[in-house]
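Q: Quick one, fold the following:
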Amino acid sequence: MKKLLLIAVVGLFLTSCDKDQKALEDIASGTWIVTELTNEDGENSFEDFTTWTGTATFDECDQENGDCTGKMVYTATRTTQEDVGGGNTEPLIVNVDMTINFTYSISEKGTMISVETGASVVNSMSDFMGNTQSGTENDICDSDCGADGTISDDKTKISLISDDGGTIKMEKN
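A: Alright, predicted model coming up:
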């Protein structure tokens, strides 16, 4: 009887791990489009920008062997009128490119995802005259930034809530 119970428990554990790994493979098999990005107040994080796009990719891995990695890439454009003196204005166009690297794990039989990002972001900005600034912003968080969320049953949607209360929603492309 004890052997039968032990076999059942081991079988259940292996099935759960298999579902997590299968979900991980499903998630890593394409590019994800960020459809919503809000801050802790529920406001669009790119509301000051004319246009923005966001994508996420999840690298394939065997999470039993360590952290899985991925990255989010955001591109945004803001067009404003810049006062150039004498009552004249000129359009000012600012482009922002931001890359956020992260680690992730899948749990709960492939229905939950946890994401941890480092405390830095690589970004670049350019204006209409071709002036470019790029670099790494450090200390954007007190420590690691994270988010936890759900994966849809059909593995085509992810919904995350960040540690600061913001949301990230994405759909598989």
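Q: What is the subsequent helix or strand relative to the one helix or strand in the chain whose mean pLDDT sits lowest?
A: Within the chain, no helix or strand scores below helix 2-27, which has a mean of 60 by mean pLDDT, DSSP states H and E. Counting by DSSP states H and E, the next helix or strand C-terminal to helix 2-27 is strand 31-38.
Q: center of the chain - which residue?
A: Nearest residue to the geometric centre of the chain (C-alpha atoms, centre = their mean): Met72, 4.8 Å.
Q: next SSE after the strand or helix carrying it?
A: Secondary structure from DSSP H and E places Met72 in strand 68-85. Going down the chain from strand 68-85, the next helix or strand is strand 88-107, by DSSP H and E.
Q: Please name every helix or strand in contact with the following helix or strand past that next one.
A: Using DSSP H and E, the next helix or strand after strand 88-107 towards the C-terminus is strand 112-117. In terms of contacts (3 or more C-beta pairs under 8 Å, 6 or more residues apart in numbering; DSSP states H and E), strand 112-117 is packed against strand 88-107, strand 145-151, strand 157-162. The C-beta positions use only the backbone N, C-alpha and C, and glycine is treated the same way.
Q: and the second one with strand 112-117, angle?
A: Put plainly, it is strand 145-151. Per axes from the mean of the first three to the mean of the last three C-alpha atoms, to 10 degrees, the angle that strand 145-151 makes with strand 112-117 is 160 degrees.
Q: Ala147 is in contact with Asp164, isn't it?
A: No: if you go by C-beta atoms under 8 Å, Ala147 and Asp164 don't touch, sitting 9.2 Å apart.
Q: who's more crowded, these two?
A: Ranked by neighbour count (other C-beta atoms under 10 Å), Ala147 and Asp164 place Ala147 first, with 21 against 11.
Q: From Asp97, how far off is the more buried one?
A: 21 Å (C-beta to C-beta, to the nearest Å).
Q: Thank you kindly, that will do.
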